[in-house]
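Everything below, folded, please.
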Amino acid sequence: MEMPWPGNVASYPELYDLLHDGNDNDVDFYSCLSAGHETVLECGIGSGRVAIPLAKLGRKVHGIDNSKQMPDEVAPKQWKVRALDRGGRRRAPSE
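Next comes the predicted model:
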């Protein structure tokens, strides 16, 4: 069966965000886990679904992702999150 789009959901950040809209049950877990830490590294940062809420709590968030497209979605959301793609290229601003 041929898929209607090539690649996977990580190739389509808008689709990823739509599929995960309202799925923030794990954010409290990561918030508690990172309590007392100023800096957080998120492996698989995606479009910032977890990283942005942590940044809102005052954490300095760095993230990496295997996808080239996903970390680009963090920058327009205007949060201080540094995201790198698998090649180590900066994809979102750092503060």
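
now the strands for this structure?
Assigned strands in the chain, in chain order: 39-43, 60-64, 81-84 (criterion: DSSP state E).

so which of these comes closest to E14?
Within the strands of the chain, the stretch nearest E14 is strand 81-84; the backing value is 16.7 Å (CB to CB). Every residue, glycine included, has its C-beta placed from N, CA and C.

Which parts of this protein are helices?
In the chain, the helices defined using DSSP state H lie at 13-19, 27-33, 51-56.

which of those helices sits most buried?
Sort those by mean neighbour count, taking mean count of other CB atoms under 10 Å, and helix 51-56 sits at the top with a mean of 20.

tell me what it is packed against?
On a contact count with 3 or more CB pairs under 8 Å, 6 or more residues apart in numbering; DSSP states H and E, helix 51-56 meets helix 27-33, strand 39-43, strand 60-64, strand 81-84.

Got phi/psi on E38?
Dihedral angles of E38 (phi, psi; degrees, to the nearest 10) stand at phi -80, psi -40.

my guess is it meets R59, correct?
Yes - the pair E38 / R59 is scored as a contact, 6.8 Å apart, by CB atoms under 8 Å.

Those two: which is more packed in?
Neighbours around E38 and R59, counted as other CB atoms under 10 Å, are more numerous at R59. The numbers are 21 against 8.
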